[in-house]
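Asks: with the input below, show me the fold.
(one chain, ligands or ions: 2)
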Amino acid sequence: MPAYFKPQGSIRKAPHSPSRDRTRQRIKFSDERVCKSHLLNCCPHDILSGTRMDLGECLKVHDLALRADYEIASKQQDFFFELDAMDHLKSFIADCDRRTDIAKKRLADTQEEISAEVAAKAERVHELNEEIGKLLAKAEQLGAEGNVEESQKVMDEVEKTRICKREAEEIYRSSMPASSFQQQKLRVCEVCSAYLGLHDNDRRLADHFGGKLHLGFIEIREKLDELKVYIFSFFYCTEMLCIVT
Ligand SMILES: [Zn+2]
Ligand SMILES: [Zn+2]
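Replies: Numbering: from 1, shown residues only. Ligands and ions are numbered 1, 2, ... in the order given. You can find the predicted model right below:
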């Protein structure tokens, strides 16, 4: 669903405004003004639309009719738009990873310094938190699909993970004074660069790990990996053919 609002709340033009329709009549999918990531269904502007990190409208043209044209034409011919899309996603993910590094540094500056040993204990609690959040999101999805039995199995796993988390929390808590324990409460999500609370409750964790923003970033990262594999195998095969023939 396209979002018509910028993060600031100002109204933005609908993607199918008349000017866009005129552009569509003029240009082909191969035109440089067309977003190749959109043709390949992986533009971050689409994937993150409606999330907290909504990027607004893409600078290049998005048009489902052009995508349909491309899908038909690409059955007959290689256009190598995967290269454009890979460059686009690579720089997008690099930006995100840079934000993660900055956020981590900011946390390191503001949160009291702890020893590597204590940090490892905190890390364990975070990992289990993450697992609980992911499992809860999965159980909810299975439940919504009517798969009650599978959902219950996942909930049993959640229960086991909660017990592990309580133990890990106890170990961590006892390794530092209470005041420091309260301070060490934030972490940066390596996938989407959002802040996560160490003491967040399960509901919040499930909302994060099952939420559109976090899942959108997983999707973008997976698409980028797919594109890399595709391009690598394509050029590797071509090179092998050159050597053989
Ligand atoms: Zn785009
Ligand atoms: Zn995340």
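
Asks: tell me which parts of this protein are close to ligand 1?
Replies: Contacts of the chain with ligand 1, taken as Cβ under 5 Å from the ion, map to 35, 38, 43, 45, 58. The way it works is simple: take the backbone N, C-alpha and C, and place the C-beta from them, glycine included.

Asks: try 8 Å
Replies: Residues of the chain that fall close to ligand 1, judged by Cβ under 8 Å from the ion: 35, 37, 38, 43, 44, 45, 46, 58, 59, 60, 62, 88.

Asks: can you select the buried ones from those residues in PyMOL?
Replies: Buried residues within the residues of the chain next to ligand 1, by 16 or more other Cβ atoms under 10 Å, are selected in PyMOL with:
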select buried, resi 35+37+38+43+44+45+46+58+60+62+88
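
Asks: any residues of this protein in contact with ligand 2? List them.
Replies: Close to ligand 2, as judged by Cβ under 8 Å from the ion, the chain has residues 189-194, 196, 208-209, 211, 213-214, 217.

Asks: closest one to residue 168 out of the residues you listed, please.
Replies: Using Cβ to Cβ, residue 196 is the member of the residues of the chain next to ligand 2 that lies nearest residue 168, at 15.6 Å.

Asks: including secondary structure and pLDDT, could the residues of the chain next to ligand 1 go into a markdown table?
Replies: Putting those into a markdown table (DSSP: H, G, I helix; E, B strand; the rest coil; pLDDT from 0 to 100) gives the following:
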| residue | secondary structure | pLDDT |
| --- | --- | --- |
| 35 | coil | 97 |
| 37 | helix | 97 |
| 38 | helix | 97 |
| 43 | coil | 98 |
| 44 | helix | 97 |
| 45 | helix | 97 |
| 46 | helix | 96 |
| 58 | coil | 96 |
| 59 | coil | 95 |
| 60 | coil | 96 |
| 62 | coil | 97 |
| 88 | helix | 97 |
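
Asks: and the helices in this structure?
Replies: 18-26, 36-39, 44-47, 64-73, 81-110, 116-144, 148-173, 178-183, 202-209, 212-244 (DSSP state H).

Asks: what number of residues lie near residue 48?
Replies: 22 (other Cβ atoms under 10 Å).

Asks: the closest residue to it other than its chain neighbours: how many residues sit nearby?
Replies: Spatially, and ignoring its direct neighbours in sequence, residue 48 is nearest to residue 216 (4.8 Å; Cβ to Cβ, 6 or more residues apart in numbering). Other residues near residue 216 come to 20 when the count uses other Cβ under 10 Å.

Asks: list the contacts of the residue nearest the centre of the chain.
Replies: Computing the C-alpha centroid of the chain and ranking residues by Cα atoms, centre = their mean puts residue 217 first, at 0.7 Å. If a contact means Cβ atoms under 8 Å, 6 or more residues apart in numbering, then residue 217 has 48, 96, 191, 192 as its contacts.
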